[in-house]
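Colleague: can't give you the sequence, but here's the structure:
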Ligand SMILES: O=C(O)CCC(=O)C(=O)O
Ligand SMILES: [Fe+2]
């Protein structure tokens, strides 16, 4: 059990019942065994990825004072630039050696949710780079659509209504993130990690990683195995909300990133999360008398905010203020 499955999802774009069922069965198996798999045959083009990578390199190469004009720690709704060491994913390790850009669904200041200061709602904060905003906003919607196609396939496996997730993912709090991992100083500096061991908080994460490598996933024996880059794929993994929703039928698996040596690494996770008011409680088909619900019900926003406070010192201060 040391290689993550690679699933060809192109049948989901051909729309035959047999094709959907075949993909759903493979996804179900991967979600139970691993909580991690690769997808190929998705509609995001290689040109799009190239364009994103090149503009990301331009952005992260800007002077700090330029990037800090959209400092994420100066927002309540978690948008913009996070400098190195803003995050500490593993509380037993030093802060992560990475810098980030985060965006979500853009809601203008006049939107009722923003006026009411609903958590995680607000406008995006983009850097002032030609072409950036249109590219990122387009990519955000395309990744949201891809995530919802995968979730629709999961409904077949979970035995719930086909539109169960679609209804709950209207005005989602999904996050598109771009990450730059600078190289670590020496080969022996093993304490320092790009991203400390963690599970993701949300429902499903779709990750593009460049060719540098360094992503590792913990298998059921507790060993760290490499999840190497595979051209043309996304790595898909489940987060804690999906584990709760499915009563642990689907697993939210720990993973980490070893800082690259001698090269920079860029990755782009898309964290698909539902509408903030969505109830996260055991799905109907995932409990019975022998297997009662393990987790108390919560909401998407309540759950995400509590996990953010674990990861970010600045969010703990925000919640306390
Ligand atoms: O950069 C990566 O490969 C993984 C990042 C990650 O796990 C995360 O941001 O949650
Ligand atoms: Fe992660």
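Modeller: Ah, there it is. Everything numeric in this text was worked out from a predicted model, so none of it was measured. Residues are numbered from 1 along each chain as shown. Ligands and ions are numbered 1, 2, ... in the order given.

Colleague: Does residue 58 lie in a helix or a strand, and which?
Modeller: Take DSSP states H and E as the rule and residue 58 turns out to sit in helix 46-60.

Colleague: and stretch 254-265, what's its mean pLDDT?
Modeller: For stretch 254-265, mean pLDDT rounds to 93.

Colleague: Next: stretch 176-184.
Modeller: Per-residue scores along stretch 176-184 average to 95.

Colleague: related to what we said a few turns ago, which element follows the helix holding residue 58 toward the C-terminus?
Modeller: As the chain continues past helix 46-60, the following element, by DSSP H and E, is helix 64-67.

Colleague: roughly how far out does the helix or strand immediately after that next one in the chain sit from the chain middle?
Modeller: Using DSSP H and E, the next helix or strand after helix 64-67 towards the C-terminus is strand 80-82. From the chain centre to the centre of strand 80-82 is a distance of 16 Å (CA atoms, centre = their mean, to the nearest Å).

Colleague: Briefly note if strand 80-82 comes near ligand 1.
Modeller: No: applying CB under 6 Å from any ligand atom, one finds strand 80-82 separated from ligand 1 by no less than 10.8 Å. All C-beta spots, glycine's among them, are computed from the backbone N, C-alpha and C.

Colleague: Can you list the buried residues in the helix or strand following that strand?
Modeller: Note on strand 80-82: by DSSP H and E, the next helix or strand toward the C-terminus is strand 99-103. Going by neighbour count (16 or more other CB atoms under 10 Å), the buried part of strand 99-103 is 99-103.

Colleague: from this structure, which residue is nearest to ligand 1?
Modeller: residue 267 (3.4 Å; CB to the nearest ligand atom).

Colleague: So what's the residue count around that residue?
Modeller: The tally of other residues near residue 267 (other CB atoms under 10 Å) stands at 25.

Colleague: how would you label it: helix, strand or coil?
Modeller: What DSSP: H, G, I helix; E, B strand; the rest coil gives for residue 267 is strand.

Colleague: Can you say which helix or strand has the closest residue to residue 46 other than its chain neighbours in it?
Modeller: In space, residue 46 comes closest to residue 232 once its chain neighbours are excluded; the distance is 6.9 Å by CB to CB, 6 or more residues apart in numbering. Here residue 232 sits in a region with no helix or strand, counting by DSSP H and E.

Colleague: List the beta-bridge partners for the residue positioned nearest the centre of the chain.
Modeller: With distances taken as CA atoms, centre = their mean, residue 271 lies nearest the centre of the chain, 2.8 Å away. Note on residue 271: beta-bridge partners residue 175, residue 205, judged by DSSP bridges.

Colleague: mind checking how far it is from residue 263?
Modeller: In this view, residue 271 and residue 263 are 25 Å apart by CB to CB, to the nearest Å.

Colleague: go on, residue 274?
Modeller: From residue 274 over to residue 263 (counting by CB to CB), the distance is 36 Å.

Colleague: Perfect, I'm done here.
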